[in-house]
Each structure stands twice: as structure tokens, then as C-alpha cells.
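Asks: got a sequence here, can you model it:
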Amino acid sequence: MHIAIAGNIGSGKTTLTSLLAKHYKWEPHYEDVDENPYLNDFYNDMQRWSFNLQVYFLNNRFTQVQEFRSNKKNVIQDRTIYEDAYIFAPNLHAMGLMTSRDFESYFSLFKLMEAFITPPDLLIYLRASIPVLVDQISNRGREYEESIRLDYLKRLNERYEAWISTYDQGKLLIIDVDNTNFIENKEDLGNVIGKIDAEIHGLF
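Replies: Sure thing, here's the model as predicted:
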């Protein structure tokens, strides 16, 4: 089974991935942040490095999904290949931080890859307001994230909502992060797990 967690920067994807992997004894797969050779450069000069970063993420996540299906293990994934293609790359293009030529090349590559992948059995979307995102980004203290602008997070949130409103690749569970503190509140985490159980059992 392949469960994937989607959400904006700072929504709690990595933390929830860890908590659910521990609870279900699933194999976690995290976003490649520490080993990403482009991330620091990207946040310092988005226009120069946007295409390189997105192609790196695209390749990384495509490889992950291929491995999930060949290994046939129960896995939980921190962020999906769809978010790169429908949220981050088009947002960079709309902001003038990726040229139309680069975006068209990127998106044609994604569409080619999409034909070879299977969507997750369950997509969990972490919906969070800008103040909550900013607070959680600040709390984790990643140096390269200090320069993230509020309007950038806002644009991403708008694209996430537009994408989720039309998502039809499989089962979808939306978690309201503003009113669900699964990080510190065991009861809230239990409620999230209960909702996931209901969705999982409905898969069979």
C-alpha cells in the first residue's frame, strides 16, 4: 500500500509521516531536503535555479514511486510527484521565476513520467493557514527557509486548494492542521489515525 502526504511548506508532512510510519510500522520515505544539491541556491536565487530544482525533485520522486511498486511494501511518502507538477513548477512560472520554455520542457517530462506511475492508494492533504505555516517553519529553524516570503506561501496555498478541489486520482483525506495538533496532542493524532483507518479499510 502507498500512502502519500501532501501539503504546503511547514504543514507538518514530515512529522506526520514519522508518526504514522511508527504507528502502522510502514516504511517512511522523506523528501530529499538535506541531500538536495539545489535547495540553498534556489532560495538565494529562485530565478536562476528553479528549473534545476524542479527537475531534481521530479526525478527523485519518480524513482521513489517506481521503487514503491517494485518492492511491494507498505510505504508512506512525504510529498508527491503531483505537487511538483501542479503546485511548485507552475507557481514559479507564474511568478516569472521560471521561463515558459523551461516550464513547458518540465511539464512535458512530467506527463511522460506520469504514464509510468500509479497514484497513491490514499492521499492525505494537510490544510493549514499562513500564520500556522509561518509558525511551524520558524519553529523548525531551517536556515534556507528564513527567506521564504509570505506571498510565496500564499500563492502555494491557493494552488494547493485548486489542485485538491479537482483531485480524482484516488482516495483523499483532508486534515485541518489549524484545528488538529497531531504533533503535540495524542488525542488529535488518534483522531487522524482513526480517519486513516476508515479510509484504508474502505480500500479492500
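
Asks: what are the bridge partners for the nearest residue to Leu173 once chain neighbours are set aside, then?
Replies: Distances taken as CB to CB, 6 or more residues apart in numbering put Ile124 closest to Leu173, at 4.9 Å, once the chain neighbours are dropped. To be clear about C-beta, it is placed using only N, CA and C from the backbone, and glycine gets the same treatment. Going by DSSP bridges, Ile124 is paired in beta bridges with Ile5, Leu173.

Asks: elements contacting the lowest-mean-pLDDT helix or strand in the chain?
Replies: Ranking every helix and strand in the chain by mean pLDDT, DSSP states H and E puts helix 130-140 at the bottom, with a mean of 84. Applying 3 or more CB pairs under 8 Å, 6 or more residues apart in numbering; DSSP states H and E, we find helix 130-140 packed against helix 150-165.

Asks: contacting residues around the helix it packs on?
Replies: With contact meaning CB atoms under 8 Å, 6 or more residues apart in numbering, helix 150-165 is reached by 6-10, 82-83, 86-88, 90-91, 94-95, 125, 127-130, 133-134, 172, 174.

Asks: please redo it, this time with the cut-off set to 10 Å
Replies: 6-11, 46, 82-83, 85-88, 90-92, 94-95, 97, 123, 125-131, 133-134, 137, 148-149, 172, 174 (CB atoms under 10 Å, 6 or more residues apart in numbering).

Asks: where does this structure have low pLDDT?
Replies: Across the chain, the ranges flagged by pLDDT under 70 are 32-33, 141-147, 202-204.

Asks: returning to what we had before: report the buried members of the contacts of helix 150-165.
Replies: 6-11, 46, 82-83, 85-88, 90-92, 97, 123, 125-129, 133-134, 137, 148 (16 or more other CB atoms under 10 Å).

Asks: which one is the residue positioned nearest the centre of the chain nearest to, not counting chain neighbours?
Replies: The centroid of the chain falls nearest to Arg79 when counting by CA atoms, centre = their mean (2.6 Å). Residue nearest to Arg79 in three dimensions, not counting chain neighbours: Glu31, with 4.9 Å by CB to CB, 6+ apart.

Asks: name the helix or strand for that neighbour, please.
Replies: Assessed by DSSP states H and E, Glu31 sits outside every helix and strand.

Asks: these two touch, right, it and Phe88?
Replies: No - Glu31 lies out of contact with Phe88 (CB atoms under 10 Å); the separation is 11.6 Å.

Asks: rewinding a little: how far away is the residue nearest to Leu173 from Asp102?
Replies: 31 Å (CB to CB, to the nearest Å).

Asks: quick one, which of the two is more surrounded?
Replies: Ile124 (24 against 18; other CB atoms under 10 Å).

Asks: just give the number of residues close to the residue nearest to Arg79.
Replies: Neighbour tally, Glu31, other CB under 10 Å: 18.

Asks: that one and Gly170, how far apart?
Replies: For Glu31 relative to Gly170 (CB to CB), the value is 20 Å.

Asks: same question for Asn52.
Replies: 30 Å.

Asks: in stretch 180-187, which residues are buried?
Replies: Neighbour count says stretch 180-187 has Thr180, Phe182 buried, by 16+ other CB under 10 Å.
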